[in-house]
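> After the sequence you'll find the predicted model.
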Amino acid sequence: LTFGKSPYCLLKSISRLVVYFATPRMSPPQIFAAMLGGQIAKLTKEALLNSPAFCRFAQQSSTMAQKALTEAMRNAQPVVEKAQQRSQETLRRFDQKSANMRKKQ
């Protein structure tokens with residue numbers, strides 16, 4: 001679909017679009033939204049994602065998430081070490097009991 005240089009060509013093209021997109025119940029704003037809605041959404045998304053404010057927000061939230069993850073790992077380290085020690089002790093006890101059971105047989 002191309003719009004010509006003359007106003008007549010422009011009006012003719014728009015009327016074709018209206019006939020193509022329009023249904024008997026559509027109002028002019030609905031026709032306009034049907035014709036340009038996808039383009040407007042795409043351009044808005046691109047503009048927002050490329051805006052300096054969004055880039056700054058993404059960088060700050062990434063930094064905050066990294067700090068939170070580091071803090072959580074630091075807090076979990078003692079618990080993980082204690083669980084590993086208990087696991088090793090349990091395995092040692094199991095080995096001792098199984099060795100004692102073999103001796104008794």
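Noted; the coordinates are in hand. Residues are numbered from 1 along each chain as shown.
> which helix is the longest one in the chain?
helix 52-104 (DSSP state H).
> So what's the gap between that helix and the chain middle?
What separates the centre of helix 52-104 from the centre of its chain is 27 Å, taken as CA atoms, centre = their mean, to the nearest Å.
> State the mean pLDDT of it.
Mean per-residue pLDDT for helix 52-104: 91.
> Run through the neighbouring helices and strands of that helix.
For helix 52-104, there is no helix or strand it packs on, judged by 3 or more CB pairs under 8 Å, 6 or more residues apart in numbering; DSSP states H and E. Bear in mind the C-beta positions are built from the backbone N, C-alpha and C, glycine included.
> Can you tell me how far residue 51 is from residue 42?
Residue 51 sits 15 Å away from residue 42, going by CB to CB, to the nearest Å.
> Nearest residue to the middle of the chain?
Taking CA atoms, centre = their mean, the centroid of the chain lies closest to residue 58, which sits 11.9 Å from it.
> Roughly how far does that one sit from residue 80?
Distance of residue 58 to residue 80, computed by CB to CB: 31 Å.
> Ok, residue 28 next?
According to CB to CB, residue 28 and residue 80 sit 64 Å apart.
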